[in-house]
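A.B. asks: generate a structure from the sequence data that follows.
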Amino acid sequence: MVRKDWKLLLIDDDPGIRKVMSIALQDAGYEVLTAADGESGVALCGKERPKIVITDIRMPGIDGIEVLKRIKELDTDVEVIVITAFSEIELAIKALQLDASDFITKPINDDALWVALKRAEERYTTRKDLKDYTALIEERWMETAEELAKTFHFQRNLIESSIDGIIACDSEGRVLIFNKSMEQMLGYSKDKVVDRMSLYQFFSLGEVEKFYKKLYAEEYGGRNRLYLYESTLISKAGNKIPVQLSATVLFQEEEEIGVVGFFRDLRDIRKMAQQFADQARLLHQDKMISLGKLAASVVHEINNPLSGILNYTRLMIKILSRGALSSESTEKFQSYLGLMESEISRCSKIVSNLLAFSRKSRLEFSAVDINELLKKCILLSEHKLILQNIRITTRLQTDMPMVLGDFSQLQQCVINLIFNAIDAMPRGGDILIESSFNPDKKVVEVAITDNGVGIAKEDLNYIFDPFFTTKKEGKGLGLGLSTVYGIIDRHKGAISVQSEVGKGTRFALKLPLKQETGEVSGS
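C.D. replies: This is a model prediction of the structure:
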């Protein structure tokens, strides 16, 4: 499909993404411009005037939110699609509130990209036509009946199909235009509103005064214009509806003849924000459950060396109370101090790992040594394994390349899988933890295998679903494996499981190398 005159600007600091997306977009008929950072992207936008801009959220220099603001300052008609990671959904919602056309998440799905572009084209076309229509109303308010009939026809076919709600009223506030989106939003039928109701009747108490005050002020887009202002409307059923609106005063020559407003319903956006907040809370709650299990299992692990340190301290005090140290006592003191240092160091490592594991932090990617991560996970779980009569064996490949990941979240994945293995062996058993590097697929693999009760075949398709659990009530939220799946997915990795009832289970995690940025092949 050839899209004549559809100029598109792609802003992303990743040259690979720019190249691949440019080819796909050019094949779809777009004239594609590219920029490697926000500053050059904004400058290119001002020079070339594209109709659509696709920008990454995270870039060196100014980020995608600032790019969106600056582009909208240059030209409010430009449609902006932001690219974000799953964990940055709050930034995506902020972008929508700043009038972004849409957002798509990495890794970019072709279907999602084309849907977002289609919506951007529709919004751009509708916005331009509405802008032309507003100008037409200003210029030809008192034209002939034939021209008014054409205007009405244009209104019916254009305004009625608008995604946003539209209300136009005369200088007295009497409603003249009330489109289908407004009918759906407020629950009023057009024939009960047009020429019968006033704009004032749709605002909650005190909001209409604020609306007109802001409209005539300079704060939101300039005098007689209101841009991306948030307010509250009241539906026919009496429900409060949060909206984001833009409005402009209409003039005939120099006389004010009315106001037209464009309303976006914010309920879905705010509901989505709440859902992600709830999900984050539940995932952290699951992490705290794991932390509680860890803390309980290492209490004795810490108490034992502390008791030894206390005994050595008392012994040294007793020896010192006898007078000056003999050479033999000095040697004993050095031996005692060495043992105490070793035990204190062990306690310090355990406490540091617990603190790092409990910390609620944003996803931060860096080079991760998988073998070091596995050793820390085993250290934290060691006492629980001993108490449960579980033997742990490791097969860690040496000289492993680094992976790109968030150490804390990958640690949470491994701890969850170790705890699942422990739960699957209530009478004790064996766990094998392996690490390996596949040079052909350029991935590092971690495998955790147990010889526990196994997973029923009919349950395997559901084990990564949130809240699905085969444990007894009160023994788990069913979020552990869902959390693992989400974290590995955000790392552009893959997770697989093999299990047989009565024989055990093997989970395998595959993660891309530090220098890799593409999808991980295989499963």
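A.B. asks: quick one: I167 is in a strand?
C.D. replies: Yes. When classified by DSSP: H, G, I helix; E, B strand; the rest coil, I167 is found to be part of a strand.
A.B. asks: excluding chain neighbours, what is closest to it?
C.D. replies: Nearest residue to I167, sequence neighbours excluded (CB to CB, 6 or more residues apart in numbering): G261, at 5.1 Å. In this view, the C-beta of every residue, glycine as well, is placed from N, C-alpha and C.
A.B. asks: packing partners of the host helix or strand of that neighbour?
C.D. replies: Under the criterion of DSSP states H and E, G261 resides in strand 255-265. Contact analysis of strand 255-265 by 3 or more CB pairs under 8 Å, 6 or more residues apart in numbering; DSSP states H and E lists helix 110-139, strand 165-170, helix 180-186, strand 240-252 as its packing neighbours.
A.B. asks: buried sites along it?
C.D. replies: G258, V259, V260, G261, F262, F263, R264, D265 (16 or more other CB atoms under 10 Å).
A.B. asks: which one of these is nearest L74?
C.D. replies: F262 (19.8 Å; CB to CB).
A.B. asks: tell me the secondary structure for R322?
C.D. replies: Quick answer, by three-state DSSP: R322 is coil.
A.B. asks: ok, so of the buried residues of strand 255-265, who is nearest K94?
C.D. replies: Nearest to K94 among those, counting by CB to CB, is R264 at 14.4 Å.
A.B. asks: find the nearest non-adjacent residue to the closest one, please.
C.D. replies: Leaving aside its sequence neighbours, R264 sits nearest to Q244 (CB to CB, 6+ apart; 4.6 Å).
A.B. asks: surely the one you found meets R270?
C.D. replies: No. In this structure Q244 lies outside contact range of R270 using CB atoms under 8 Å: 10.7 Å.
A.B. asks: which of the buried residues of strand 255-265 sits closest to T126?
C.D. replies: Using CB to CB, F262 comes nearest to T126 of these, at 9.8 Å.
A.B. asks: what about that closest one, distance to L380?
C.D. replies: Distance from F262 to L380, counting by CB to CB, to the nearest Å: 55 Å.
A.B. asks: and for A324?
C.D. replies: From A324 to L380 the distance is 44 Å (CB to CB).
A.B. asks: and what of L417?
C.D. replies: Noted for L417: a distance of 13 Å to L380, by CB to CB.
A.B. asks: tell me which two of the buried residues of strand 255-265 sit farthest apart.
C.D. replies: For the buried residues of strand 255-265, the maximum inter-member distance is 23.1 Å, found between G258 and D265 (CB to CB).
A.B. asks: and the helices and strands packed on strand 255-265 as TSV, adding distance to A447 and mean neighbour count?
C.D. replies: Formatted as TSV, the helices and strands packed on strand 255-265 follow (distance: least, CB to CB, whole Å; neighbours: other CB atoms under 10 Å):
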stretch	distance to A447	mean neighbour count
helix 110-139	32	16
strand 165-170	54	22
helix 180-186	52	18
strand 240-252	49	19
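A.B. asks: can you list those in JSON lines and add mean pLDDT and distance to E48?
C.D. replies: Converted to JSON lines, the helices and strands packed on strand 255-265 look like this (pLDDT from 0 to 100; distance: least, CB to CB, whole Å):
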{"stretch": "helix 110-139", "mean pLDDT": "81", "distance to E48": "15"}
{"stretch": "strand 165-170", "mean pLDDT": "90", "distance to E48": "30"}
{"stretch": "helix 180-186", "mean pLDDT": "89", "distance to E48": "32"}
{"stretch": "strand 240-252", "mean pLDDT": "88", "distance to E48": "25"}
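A.B. asks: work out the gap between stretch 442-453 and the centre of the chain.
C.D. replies: Centroid displacement of stretch 442-453 relative to its chain, using CA atoms, centre = their mean, to the nearest Å, is 28 Å.
A.B. asks: got a list of contacts for that stretch?
C.D. replies: Stretch 442-453 has contacts (CB atoms under 8 Å, 6 or more residues apart in numbering) with 370, 374, 400-401, 403, 414, 417-418, 421, 423-425, 429-438, 493, 501-513, 516, 520-522.
A.B. asks: how about that stretch: buried residues?
C.D. replies: Using 16+ other CB under 10 Å as the test for burial, stretch 442-453 gives V443, V444, E445, V446, A447, I448, T449, D450, N451, G452, V453.
A.B. asks: now do stretch 191-211
C.D. replies: Within stretch 191-211, the residues scored as buried using 16+ other CB under 10 Å are V193, V194, M197, L199, F202, F203, E207, V208, F211.
A.B. asks: quick one, what contacts the last one?
C.D. replies: When contacts are counted by CB under 8 Å, 6+ apart, F211 is found next to F203, L226, Y229, S231, L245, A247.
A.B. asks: returning to what we had before: from the buried residues of strand 255-265, which single one is nearest V115?
C.D. replies: Lowest distance from V115 to those (CB to CB) belongs to R264, with 18.2 Å.
A.B. asks: let me know whether that closest one touches S162 as I believe.
C.D. replies: No. Contact status for R264 versus S162: not in contact, 10.7 Å apart, counting by CB under 8 Å.
A.B. asks: confirm I495 sits in a strand?
C.D. replies: Yes. Under three-state DSSP, I495 sits within a strand.
A.B. asks: what's the nearest residue to I433 if we skip its chain neighbours?
C.D. replies: Nearest one to I433, counting by CB to CB, 6+ apart, is T394 at 5.0 Å.
A.B. asks: can you give me the mean pLDDT across the helix or strand hosting D268?
C.D. replies: According to DSSP H and E, D268 maps onto helix 267-320. The average pLDDT for helix 267-320 rounds to 67.
A.B. asks: how does the chain divide into domains?
C.D. replies: As assigned by automatic domain parsing, the chain contains the domains 7-129, 161-265, 273-512.
A.B. asks: quick one: terminal-to-terminal distance for stretch 171-181?
C.D. replies: End-to-end distance for stretch 171-181: 23 Å, by CA to CA, to the nearest Å.
A.B. asks: so which elements touch the helix or strand hosting K384?
C.D. replies: Using DSSP H and E, the element containing K384 is helix 370-387. Secondary-structure packing of helix 370-387 (3+ CB pairs under 8 Å, 6+ apart): helix 267-320, helix 327-358, strand 390-396, helix 407-423, strand 429-438, strand 443-450.
A.B. asks: and the next element down the chain from the third one?
C.D. replies: This means strand 390-396. Downstream of strand 390-396, the first helix or strand assigned by DSSP H and E is strand 403-405.
A.B. asks: tell me the buried residues in that next one?
C.D. replies: In terms of neighbour count (16+ other CB under 10 Å), strand 403-405 has its buried residues at V403, L404, G405.
A.B. asks: report the contact partners of the nearest residue to S381 once chain neighbours are set aside.
C.D. replies: Using CB to CB, 6+ apart and skipping residues adjacent in sequence, the residue nearest S381 is I418, 5.0 Å away. Applying CB under 8 Å, 6+ apart, we find I418 in contact with C377, I378, S381, L385, I431, I433, I448.
A.B. asks: out of those residues, who's nearest E218?
C.D. replies: Nearest to E218 among these, with distances taken as CB to CB, is C377, at 58.0 Å.
A.B. asks: understood, closing this out.
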